[in-house]
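Trainee: Attaching a predicted model along with its sequence, questions to come.
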Amino acid sequence: MYKTKEEMQVKIDEYFDYYVTELGNPITNSGFIYYLGFTSREGFNEYSKKPEFSDTIARAKLKLEENTEIKLYNRDTARGAEFSLKYNYKWNDEKKQSEELQQSYTGLPARVLGSEWVDVYRSIKDREYSQYDLKGGRGTGKSSFSGFVIIDELESDPTSCAMCLRNVYDDVGNSVYKQIKWCIDELDLTNQYHCKTSPYEIKKISTGQIIYFRATNDPGKIKSIRPPHGMKINMLWCEEADQMEGVDSMRNIRQSAFRAGSEQAVFLRTYNTPISRSHFINKEMLKPNEHKFVHHSYYYNFPKKWLGKSFFVEAEILKSENERAYRHEYLGEATGTGATIFENIMVKDITKNEINTFGQFYYGVDWGFAADPWAYVKCAYNPKEKILYIIDEKKEYRNDNELTAEILLKEKGLTHDDLVICDSSEPKSISDYLKYGIYARGAEKGAINGGSSVKYSIKWLQYLKKIIINNPCVNSADEFIQYEYEKTKDGEIISAYPDKNNHFIDAVRYATNLLWRRGGV
């Protein structure tokens with residue numbers, strides 16, 4: 001009937017704004033359902049269970065509830081409103097169902113707890129520690145477990161609220177918010193929670209408990225949170241904690257979230273172990289802390305059906321091709337030595353005979369003019385050996401698109417059939433290149449596997465067996481060798497990639513855009 005939630009929202013707005021306000025018709029539950037085009041209450045209820053429409057219908061129901069409350073307040077219509085609540089809107093049935101579910105909750109079922117997490121769950125329930133660091137590699141269920149623990153906390157203590165954090169707010173919707181909603185559904189508690197997205201917030205209907213979602217790069221919004229009267233934040237979850245801005249930032253966030261909390265407050269941190277041993281969170285692990293429990297989880301302790309057979313196959317392939325990358329990505333080991341991002345660089349002369357054996361070349365351009373240079377690279381790739389070759393480069397300042405196009409065609413010998421992938425942020429420049437005879441296109445920058453394309457492509461480059469840079473390519477060599485993780489003002493390494501002195505790195509990412517988007521890490 002409705003293809004999108006936006007289409008349904010238009011019809012809902014039309015009901016309240018036109019049918020009720022302009023035409024003066026009374027608000028009734030049956031009338032609302034029929035106006036939306038449903039021929040039965042059962043059909044409407046089935047639609048409300050669909051995830052893509054649940055929030056839209058929930059908001060509409062709240063407006064209907066508001067009308068019912070107004071009727072209850074009016075003595076002349078009190079009996080009619082009571083009838084509507086009881087029989088049309090099934091208010092008593094829903095309230096009774098909510099109370100029954102609340103009373104029957106006995107803790108997390110065994111089916112959602114992998115063997116890695118049983119003892120950790122018991123420890124959290126007993127409040128043996130105030131902080132739990134859950135680290136490791138890919139596919140260990142760290143995030144799922146944290147989501148379940150938060151729902152378990154709210155179900156077990158009607159005075160508890162929770163807060164879930166990511167480094168930036170744009171990452172909230174597709175990570176912690178989505179994870180918590182999945183956990184609610186998995187525990188068959190969907191009808192017990194109301195989820196909204198502007199701002200992201202989840203509320204337990206029967207008690208008013210709230211799960212807040214915030215960003216650590218905006219600490220003011222964390223400090224301004226005031227839980228409902230008589231409640232407190234007892235659970236704080238920091239997802240991808242390695243991306244946060246150092247130890248001091250962590251401490252301030254914890255103090256802000258728990259300032260009105262109790263002795264029962266628990267701080268959860270989940271993250272894939274950073275590759276650099278000098279990362280602040282890896283260095284922090286070396287310091288004894290009697291209040292913190294550190295748990296390192298491994299994917300091979302999980303049932304194959306949870307992750308899928310292909311996950312284990314891919315892990316074994318990487319293990320055979322690049323053991324160092326496997327140990328970091330899948331086992332969660334810190335295999336790097338310092339702040340350097342690329343530890344697989346080799347600079348040497350690539351002979352003409354070698355170049356003649358390469359079957360295909362990849363070309364990339366990062367736009368620039370004055371302060372930032374225009375950067376061009378020519379690459380080749382050996383997929384069997386997982387080796388990337390940077391064969392040629394060019395750096396120019398203050399040259400317009402026509403001049404740089406001429407450089408590519410005349411000096412570098414590109415033909416009209418050689419695809420040049422460019423920074424897509426300048427569509428006019430790409431259009432100019434096409435006009436001047438360059439087969440140009442913009443790089444695809446959309447999110448991939450739930451993360452940014454920048455992070456994904458740099459990891460792809462990190463996990464190659466080698467990146468061999470031709471000796472004459474001094475600009476590329478300098479950038480790749482000197483490229484380091486971001487640091488806080490106190491000099492602590494964090495899991496962030498600086499957007500400076502990386503023009504040739506970007507050009508390489510664009511040149512290989514089709515490779516890493518297709519093949520992955």
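Mentor: Perfect, thanks for sending it. Numbering: from 1, shown residues only.

Trainee: Where do the helices of the stretch 351-500 of the chain begin and end?
Mentor: Remark: helices assigned in the stretch 351-500 of the chain by DSSP state H, counting those that start in this stretch are 352-357, 401-406, 427-435, 453-462, 474-482.

Trainee: does Phe16 really touch Leu64, like I thought?
Mentor: No - with contact defined as Cβ atoms under 8 Å, Phe16 does not count as touching Leu64 (9.7 Å). Every residue, glycine included, has its C-beta placed from N, CA and C.

Trainee: joint contacts of these two?
Mentor: Residues touching both Phe16 and Leu64 (Cβ atoms under 8 Å, 6 or more residues apart in numbering) are Ile27.

Trainee: residues contacting the nearest residue to Lys394 once chain neighbours are set aside?
Mentor: Among residues not flanking Lys394 along the chain, Tyr376 sits closest, at 4.3 Å (Cβ to Cβ, 6 or more residues apart in numbering). Going by Cβ under 8 Å, 6+ apart, Tyr376 touches Tyr363, Gly364, Val365, Glu393, Lys394, Lys395, Thr404, Ile407, Leu408, Lys412, Ala507.

Trainee: Most neighbours of all these, which one?
Mentor: Counting neighbours by other Cβ atoms under 10 Å, Ala507 leads those with 33 neighbours.

Trainee: Please identify the helix or strand for that residue.
Mentor: In the assignment (DSSP states H and E), Ala507 maps to helix 503-511.

Trainee: Contacts for that helix next, please.
Mentor: Residues from elsewhere that reach helix 503-511, judged by Cβ under 8 Å, 6+ apart: 362-366, 368, 372-373, 375-379, 388, 390, 393, 395, 421-423, 443, 454, 457-458, 461, 473, 475-476, 479-480, 483, 516.

Trainee: again with stretch 439-454
Mentor: With contacts defined as Cβ under 8 Å, 6+ apart, stretch 439-454 is touched by 174-175, 364-365, 416-424, 427, 430, 433-434, 456, 497, 509-510, 513, 517, 520.

Trainee: which of those residues are buried?
Mentor: By neighbour count, with 16 or more other Cβ atoms under 10 Å, these hold 175, 364-365, 418, 420-424, 430, 433, 456, 497, 509-510, 513, 517 as buried.

Trainee: low pLDDT regions in this structure?
Mentor: Residue ranges of the chain with pLDDT under 70: 22, 66-104, 259-262, 337-338, 449-451, 519-521.

Trainee: Got the domain ranges for it?
Mentor: Annotated domains of the chain cover 5-89, 115-309, 345-519 [automatic domain parsing].

Trainee: Go through the ones you listed and name the closest to Arg324.
Mentor: Closest of the domains of the chain to Arg324 is domain 345-519, at 8.4 Å (criterion: Cβ to Cβ).

Trainee: roughly how far out does the closest one sit from the chain middle?
Mentor: Put simply, domain 345-519 sits 26 Å off its chain's centre (Cα atoms, centre = their mean, to the nearest Å).

Trainee: What are the boundaries of the strands in the stretch 51-200 of the chain?
Mentor: Taking DSSP state E, counting those that start in this stretch, the strands of the stretch 51-200 of the chain run over residues 131-136, 160-166, 193-197, 200-204.

Trainee: Highest mean neighbour count across the ones you listed, which stretch is it?
Mentor: Mean neighbours per residue, mean count of other Cβ atoms under 10 Å, is largest over the strands of the stretch 51-200 of the chain for strand 160-166, with a mean of 25.

Trainee: Tell me the strands beside that strand, with direction?
Mentor: Strands adjacent to strand 160-166 in the sheet, as given by DSSP bridges, are strand 210-215 (parallel), strand 232-239 (parallel).

Trainee: In JSON lines: these, plus mean neighbour count.
Mentor: Compiled in JSON lines, these are given as follows (neighbours: other Cβ atoms under 10 Å):
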{"stretch": "strand 210-215", "mean neighbour count": "22"}
{"stretch": "strand 232-239", "mean neighbour count": "24"}
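
Trainee: Can I get the ones you listed in CSV including distance to Phe342?
Mentor: Below are the strands paired with strand 160-166 laid out as CSV (distance: least, Cβ to Cβ, whole Å):
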stretch, distance to Phe342
strand 210-215, 29
strand 232-239, 26
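
Trainee: To Leu36, which of the ones you listed lies closest?
Mentor: Closest among the strands paired with strand 160-166, using Cβ to Cβ: strand 210-215, at 29.3 Å.

Trainee: separation between Cys238 and Leu403?
Mentor: 49 Å (Cβ to Cβ, to the nearest Å).

Trainee: So which residues of the stretch 201-350 of the chain form helices?
Mentor: Ranges of helices in the stretch 201-350 of the chain, per DSSP H, counting those that start in this stretch, are 219-223, 246-258, 280-285, 304-307, 309-321, 323-329.
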